[in-house]
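Novice: What shape does this take:
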Amino acid sequence: MSASPSGPSDGAVGVRSSTAVLIKNFTIYPSDPPPDLDAGIYIEFSSSNVTVEDNIIANFSCVPMRGAIVDGKNCTVRGNTFINAGLLIWVLGSVVEDNVVNGKPLVYLEDVSDTVVGEAGEVILINCDGVRVENLTLTNSTVGIQLCWTHNTEIVGNNIANSDYGVYQYQSSNISIHKSNLTHNIFGLYAISSSNTTLSSNRFADNRVDGIRFIRSSANIIGNSLARNRCGIMLSGCDGNTILGNTIEDSFYGVWMAQSSGLTFYHNNFVNNTQPVYFSPTSPSVNPWDNGCEGNYWSDYEERYPGATYDYYHIWDTPYVIDESNQDDYPMQNPYWNPGDINNDLKVDIYDVVLVAQAYESTPSDKHWNPHCDIAEPYGIIDIYDIVIAAGNYDKSW
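Specialist: Okay, the predicted model is just below:
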């Protein structure tokens, strides 16, 4: 069975409950209003042995439709040109070769281990292990990097922008994403049913919906900058996540949660968000919002609690109430910025070093134990590693 080309075509081509279909030599771009499909070319799961070949798919990035979606079995995607568009693959066993995204190769790897991805306009990793994706600029596509059933993979130093998904992750584990910029996408990161993802030192900015979205997933979200997203971090059905040392600012929702408990939040800066934390009313979440001595910085704290005072460690004496089941018991008077700033006065000086020295070799059962000084692994003891961090940041200021 063949789909016959008719020159440039606005709209979409969909294949449902069919086999041995050839889609060739079409030029496809979005129509207004869009058709009742999620993509310019959509191969549904009920189809098989479909070939998509030598087509031009254009101008589908950051619109309600994707460029092309393949969810059918044993399909081939070959020799297509994606311009401001890209491809999503949701199945094993596809053949994807010789496609171009915005003048660069569409890199498709399946069942590949221990490799480094070279130049690419889009990267798709299916059932891979030990892949490194680094220093790429991926823009104006359906997805910058897609990972399905992929493990032990590192994404570092990339710039991903103006796409539907900066990174799309499904049923993958031990994924590390760091030192990357994910900006002006619909979603910066979208992860489903994944475990042990680590996000660190990334910038998620100006994403239309969420900077970070995790659904039924576990992750460590540490030291990221999230700004001007509609929602900074969205968590649904999650547990075991640590959200530490992030700055979430100028967004409508700082954090949005549904049915997510057992998470830990501290040392985050919530700055100028319309609603710093939102809980779904039908799916309650209960979580600790401090580490037992220090919590988070809330830019609206003084407006909400004008009579509060703070101690030597710049911790407010009145908890920050988020809702009836969640509160930060140790809200910080200043933004969190450096672990060496023991007394949280926005500078690392001799007073911080002295505090660590006074607590040296103590554990929680000792009289001279100071939890503010427990800033380095192994936790639960003040040792040389804590002194090294304080001394190593000496004379720095916020």
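
Novice: what about the nearest residue to residue 342 once chain neighbours are set aside, which SS state?
Specialist: What sits nearest to residue 342 in space, not counting adjacent residues and going by CB to CB, 6 or more residues apart in numbering, is residue 352, at 4.2 Å. Heads up, the C-betas are built off the backbone N, CA and C, glycines and all. Three-state call for residue 352 (DSSP: H, G, I helix; E, B strand; the rest coil): helix.

Novice: Flag the shaky bits of the stretch 101-250 of the chain, pLDDT-wise.
Specialist: For the stretch 101-250 of the chain, no stretch is flagged by pLDDT under 70.

Novice: show me where this structure has helices.
Specialist: Using DSSP state H, the helices of the chain run over 301-304, 350-358, 384-392.

Novice: The stretch 251-398 of the chain: strands as residue ranges?
Specialist: With DSSP state E, counting those that start in this stretch as the criterion, the stretch 251-398 of the chain has strands at 253-258, 264-266, 269-271, 275-279, 297-298, 320-323, 326-328.

Novice: Let me have the ones you listed in JSON lines, adding mean neighbour count, distance to residue 193 and mean pLDDT as columns.
Specialist: Compiled in JSON lines, those are given as follows (neighbours: other CB atoms under 10 Å; distance: least, CB to CB, whole Å; pLDDT from 0 to 100):
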{"stretch": "strand 253-258", "mean neighbour count": "24", "distance to residue 193": "15", "mean pLDDT": "97"}
{"stretch": "strand 264-266", "mean neighbour count": "20", "distance to residue 193": "21", "mean pLDDT": "96"}
{"stretch": "strand 269-271", "mean neighbour count": "22", "distance to residue 193": "28", "mean pLDDT": "98"}
{"stretch": "strand 275-279", "mean neighbour count": "20", "distance to residue 193": "22", "mean pLDDT": "97"}
{"stretch": "strand 297-298", "mean neighbour count": "25", "distance to residue 193": "32", "mean pLDDT": "98"}
{"stretch": "strand 320-323", "mean neighbour count": "18", "distance to residue 193": "27", "mean pLDDT": "96"}
{"stretch": "strand 326-328", "mean neighbour count": "20", "distance to residue 193": "25", "mean pLDDT": "97"}
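
Novice: Redo these as JSON lines? Include distance to residue 368.
Specialist: Putting the strands of the stretch 251-398 of the chain into JSON lines (distance: least, CB to CB, whole Å) gives the following:
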{"stretch": "strand 253-258", "distance to residue 368": "36"}
{"stretch": "strand 264-266", "distance to residue 368": "23"}
{"stretch": "strand 269-271", "distance to residue 368": "30"}
{"stretch": "strand 275-279", "distance to residue 368": "36"}
{"stretch": "strand 297-298", "distance to residue 368": "28"}
{"stretch": "strand 320-323", "distance to residue 368": "29"}
{"stretch": "strand 326-328", "distance to residue 368": "27"}
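
Novice: domains in this structure, as residue ranges please.
Specialist: Segmentation of the chain into domains, based on automatic domain parsing, reads 2-345, 346-398.

Novice: which ones are touching residue 69?
Specialist: Applying CB atoms under 8 Å, 6 or more residues apart in numbering to residue 69 gives the contacts 38, 39, 41, 42, 43, 87, 88, 90.

Novice: Next, the first one: phi, psi?
Specialist: Meaning residue 38. phi -90, psi 0 (degrees, to the nearest 10).

Novice: Which ones among the contacts of residue 69 map onto strands?
Specialist: Per DSSP state E, strands hold the following members of the contacts of residue 69: 39, 41, 42, 43, 87, 88.

Novice: which one of the residues you listed has the most neighbours?
Specialist: residue 43 (30 neighbours; other CB atoms under 10 Å).

Novice: pretty sure it is in contact with residue 70, am I right?
Specialist: Yes. Residue 43 lies in contact with residue 70 (CB atoms under 8 Å); the separation is 4.8 Å.

Novice: Find residues that contact each of those two.
Specialist: Here residue 43 and residue 70 share the contacting residues 50, 52, scored by CB under 8 Å, 6+ apart.

Novice: Tell me which residues touch the closest residue in space to residue 115 that isn't next to it in sequence, please.
Specialist: Distances taken as CB to CB, 6+ apart place residue 131 nearest to residue 115, at 5.7 Å, with adjacent residues excluded. Residues in contact with residue 131 (CB under 8 Å, 6+ apart) are 109, 112, 113, 114, 115, 116, 117, 125, 150, 153, 154.

Novice: Format those as a markdown table; extra columns: distance to residue 29 and neighbour count.
Specialist: What follows is those, written out as a markdown table (distance: CB to CB, whole Å; neighbours: other CB atoms under 10 Å):
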| residue | distance to residue 29 | neighbour count |
| --- | --- | --- |
| 109 | 28 | 18 |
| 112 | 32 | 16 |
| 113 | 38 | 12 |
| 114 | 39 | 10 |
| 115 | 34 | 14 |
| 116 | 34 | 10 |
| 117 | 28 | 22 |
| 125 | 28 | 28 |
| 150 | 31 | 27 |
| 153 | 33 | 22 |
| 154 | 35 | 17 |
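
Novice: out of the contacts of residue 69, who's nearest residue 99?
Specialist: Nearest to residue 99 among the contacts of residue 69: residue 87, at 7.0 Å, using CB to CB.

Novice: Pairing partners for the closest one in the sheet, please.
Specialist: residue 68 (DSSP bridges).

Novice: Next: the one 10 residues further on.
Specialist: Counting by DSSP bridges, residue 97 is bridged to residue 78.
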